[in-house]
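Trainee: quick one, fold the following:
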Amino acid sequence: MHESDPLIRDVLDAGARGYVLKTDASRDLVTAVNAVRSNKTFFTAKVAQMVLDGYLDQAPKKEKPQPESPKTRLTPVNVRSCNCLRRARAVRKLPHS
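Mentor: Below you'll find the predicted structure:
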């Protein structure tokens, strides 16, 4: 295949699990085909470096984002259900009169 960052990105976005450059085909093509047939991935060293460089160039240079709090991941229905369960549990802990 061609040695072009945009082309490699397009091929990977389309779902390719391997990529061999024309210059590496005589050495790596059989190994690549066998790897993909075995549900593995295969990228020549040069392609892997290009992919990694492209990823690092596009990655935001921000602080590591804080994980979402569990409350922000709950839907309103989930929140209401949890509140009902919490209240029911509190009622069960009341002393009997």
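Trainee: now do the helices for this structure: every range, in order, please.
Mentor: 5-13, 25-37, 45-58, 70-73, 76-92 (DSSP state H).
Trainee: so for Tyr19, which of those sits nearest?
Mentor: Among the helices of the chain, the nearest to Tyr19 by CB to CB is helix 45-58 (4.8 Å). No exception for glycine: its C-beta is placed from N, CA and C like everyone else's.
Trainee: so which elements touch that closest one?
Mentor: If you count contacts as 3 or more CB pairs under 8 Å, 6 or more residues apart in numbering; DSSP states H and E, helix 45-58 packs onto helix 5-13.
Trainee: now the helix it packs on: buried residues?
Mentor: 8, 11-12 (16 or more other CB atoms under 10 Å).
Trainee: distance from it to the middle of the chain?
Mentor: 17 Å (CA atoms, centre = their mean, to the nearest Å).
Trainee: give me the neighbour count for Asp28.
Mentor: Residues near Asp28, counting by other CB atoms under 10 Å, number 19.
Trainee: list the contacts for it?
Mentor: By CB atoms under 8 Å, 6 or more residues apart in numbering, the residues touching Asp28 are 20, 42, 44.
Trainee: low-confidence stretches in this structure?
Mentor: 1-3, 59-74, 91-97 (pLDDT under 70).
Trainee: mind running it again at 90?
Mentor: 1-18, 20-26, 44-97 (pLDDT under 90).
Trainee: could you dump the buried residues of helix 5-13 to JSON lines with distance to Ser38?
Mentor: Shown next, in JSON lines, are the buried residues of helix 5-13 (distance: CB to CB, whole Å):
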{"residue": "Ile8", "distance to Ser38": "22"}
{"residue": "Val11", "distance to Ser38": "20"}
{"residue": "Leu12", "distance to Ser38": "19"}
